[in-house]
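>>> model the following, please.
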Amino acid sequence: MPLILRVDVDKPYGRSNMLQKVLSKTREDLWFPAINMIGYLSTSEALLDYCNQNDIRGIFYFRNCTSPNSKIKGLMAKGNHAFGFHAENTRTTETFQSELSSMKKSVPNGMLHSFTKHGSGKLKLGKNHYPPYEPEKYKEWVQTMGVPFYFGNEVVEEMDDFSPVDGFYPKMFWLKKEYRIESFATIEDVISAAKTETVPIIIHPANFVADTFVNSELKRLVDLSKENNIDWITEMS
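All right, here's what the predicted structure looks like:
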């Protein structure tokens, strides 16, 4: 069975140092231009370069503050990756539709694979972020918005958690260590599950660059997937 790489593109300028954190937060909450020369989406470039070198396809979910530039679009096309929308203001259908319309203007031909929710309902992560995580509401929106909702934000606890319900995967395996449960916490667990289940993996480009653990875990997972002939997919049944 395959692996699915879900990439939530959150930090427009990364988070490796204080300057990057300030620039990212300013663009997220207030206003700051997308300047490639000072590192706009450089972490996504790094992750896309790695994925393309290893023939790993992923679904990249962009916020409006991280809308893809021409360099990212080129790397996405080169690796045959899919564009997705990472929604922040999900208070109402109107606020969601407003964000969705803006994102459609930023991706080739306005085509979006699906959408995900920014945040897991516990923290307010920015000025434009509506914190509650309400997956049942998003499933209803699929009928009117025309953009699928495949992936939830919950943490996997055991292998059976990967089984989809009506095409929806409520739980992910997080490459960030803090979002793992002891009962299902290793890359070996993932590889074992992927032999019988479709396994969604979640990563953030800023963590791929700033967090050595996340970086090494993805690379280890990629190596083991090759050894075990496990594919990476973006098409959903």
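>>> strands along the chain, start to end?
Counting by DSSP state E, the segments of the chain that form strands are 3-9, 58-62, 82-87, 115-117, 151-155, 169-174, 199-203.
>>> helices or strands up against the shortest one?
Think strand 115-117. Applying 3 or more C-beta pairs under 8 Å, 6 or more residues apart in numbering; DSSP states H and E, one finds that strand 115-117 contacts strand 82-87, helix 135-145, strand 151-155. Just so you know, the C-beta spots here come from the backbone N, C-alpha and C atoms, and that holds for glycine as well.
>>> rewinding a little: could I get the strands of the chain as JSON lines with mean pLDDT?
JSON lines is the format used below for the strands of the chain (pLDDT from 0 to 100):
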{"stretch": "strand 3-9", "mean pLDDT": "98"}
{"stretch": "strand 58-62", "mean pLDDT": "98"}
{"stretch": "strand 82-87", "mean pLDDT": "98"}
{"stretch": "strand 115-117", "mean pLDDT": "98"}
{"stretch": "strand 151-155", "mean pLDDT": "96"}
{"stretch": "strand 169-174", "mean pLDDT": "96"}
{"stretch": "strand 199-203", "mean pLDDT": "97"}
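>>> can you say which of the ones you listed is nearest to residue 220?
Ranking those by distance to residue 220, with C-beta to C-beta as the measure, places strand 199-203 first at 12.0 Å.
>>> can I get the strands of the chain in a markdown table including mean neighbour count and distance to residue 96?
Listed next are the strands of the chain as a markdown table, based on neighbours: other C-beta atoms under 10 Å; distance: least, C-beta to C-beta, whole Å:
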| stretch | mean neighbour count | distance to residue 96 |
| --- | --- | --- |
| strand 3-9 | 24 | 17 |
| strand 58-62 | 25 | 14 |
| strand 82-87 | 24 | 6 |
| strand 115-117 | 23 | 9 |
| strand 151-155 | 20 | 16 |
| strand 169-174 | 22 | 20 |
| strand 199-203 | 23 | 21 |
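>>> ok and the biggest helix by length in the chain relative to strand 169-174, angle-wise?
Across the chain, the longest stretch assigned as helix under DSSP state H is helix 212-227. Per axes from the mean of the first three to the mean of the last three C-alpha atoms, to 10 degrees, the angle that helix 212-227 makes with strand 169-174 is 110 degrees.
>>> how about helix 212-227: buried residues?
214, 215, 217, 218, 220, 221, 222, 225 (16 or more other C-beta atoms under 10 Å).
>>> list just the nearest of those to residue 7.
Residue 7 lies nearest to residue 218 out of these, by C-beta to C-beta, at 10.4 Å.
>>> now do the closest one against residue 202, distance only.
11 Å (C-beta to C-beta, to the nearest Å).
>>> shared neighbours of those two, which are they?
By C-beta atoms under 8 Å, 6 or more residues apart in numbering, residue 218 and residue 202 have these common neighbours: residue 175.
>>> give me the neighbour count for residue 179.
For residue 179, the count of nearby residues is 15 (other C-beta atoms under 10 Å).
>>> fine, thanks again, bye for now.
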